[in-house]
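A.B. asks: Please work out how this folds:
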Amino acid sequence: MKHSVRTPSGRIGYLEQGRGPVALFVHGVLLNGHPWRRQLTGLSDIRRCIAVDLLAPGATEIASGQDVSVTSNAKMLKEFLDALGIDKVDLVGNDSGGGIAQIFASLFPARVRTLTLTDCDAHDNWPPEAFKPFLAMAAAGKLRETLNAMLSDKSLYRSEKTLGPAYEHPERVSDETIETYLRPLVANEERTHDFERFLAAFDSKHTLAVESRLKALTVATLIAWGTGDIYFDTVWSH
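C.D. replies: Below you'll find the predicted structure:
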């Protein structure tokens, strides 16, 4: 069930399931809290699992023109936890959400019980080389057209030329899942523009700025990396 909470950064949408110590899941680009649904179900007997929608995607509502950079997203997570009265979390991040998780953990280490990173932006690999054509398309003003095309023909979403390489088995991604990910991004022109700004703000300066803090982080950390990811080679896990 989708919930929302008011923060200084906007009304933040999130999914929640279970009881116990809080685990916070942070999603990647072109997604929202939905990809964590199986983790929420599978861990709900030992954790209060929360999957947040970042600034711009999903059910989150923000002010026109506000900062949607990845560092602002990391600061939003702190506001989000404050609004829910949550002290510490087991923090889990993937893709750009993993980069945001690194920034959050670096800026607010006292709020992190454990850190888990899967294939994600790191160091100066932001944005990844393989994702730059998509960013160039968005910068050229074709994002809304492309998103609507993928919604009209879901096979385009699964195609090798678009987002198929993001999945091990793109053919298994359901039409309903694609709708859940993309439909909020074209709900109106402003939502699409917010997402354009989110993409345009991708810059490795944000992760490089916290590198020294990240090296000093002492929380228990797990890094789980896929070996066939075209966006995040295993070198970035190290």
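A.B. asks: drop to CA atoms for contacts and neighbour counts, all remaining ones
C.D. replies: OK.
A.B. asks: neighbours around the closest residue to Phe131 other than its chain neighbours, how many?
C.D. replies: Nearest non-adjacent residue to Phe131, counting by Cα to Cα, 6 or more residues apart in numbering: Tyr231, 6.8 Å away. By other Cα atoms under 10 Å, 21 other residues sit near Tyr231.
A.B. asks: measure Tyr231 to Ala224 for me?
C.D. replies: 15 Å (Cα to Cα, to the nearest Å).
A.B. asks: ok so the residue nearest to Phe131 is a strand residue?
C.D. replies: No: counting by DSSP: H, G, I helix; E, B strand; the rest coil, Tyr231 falls outside a strand, being coil.
A.B. asks: tell me how far the ends of stretch 229-238 are from each other?
C.D. replies: Terminal-residue distance, stretch 229-238 (Cα to Cα): 15 Å.
A.B. asks: and it, how far out from the chain's middle?
C.D. replies: Counting by Cα atoms, centre = their mean, to the nearest Å, stretch 229-238 is centred 17 Å from the centre of its parent chain.
A.B. asks: Tell me the buried residues in it?
C.D. replies: Applying a neighbour-count criterion of 16 or more other Cα atoms under 10 Å, the buried positions in stretch 229-238 are Tyr231, Phe232, Asp233, Ser237.
A.B. asks: State the three-state secondary structure for the residue nearest to the third one when sequence neighbours are not counted.
C.D. replies: Nearest-residue entry for Asp233: Thr227, 6.9 Å, with adjacent residues in sequence omitted and distances by Cα to Cα, 6+ apart. Classification of Thr227 into helix, strand or coil gives coil, according to three-state DSSP.
A.B. asks: Quick check: the farthest pair among the buried residues of stretch 229-238?
C.D. replies: Spatial extent of the buried residues of stretch 229-238 (Cα to Cα) is set by the pair Tyr231 and Ser237 at 12.0 Å.
A.B. asks: Would you state the strands of the protein in chain order?
C.D. replies: 2-7, 10-17, 22-26, 48-52, 89-95, 112-120, 220-224 (DSSP state E).
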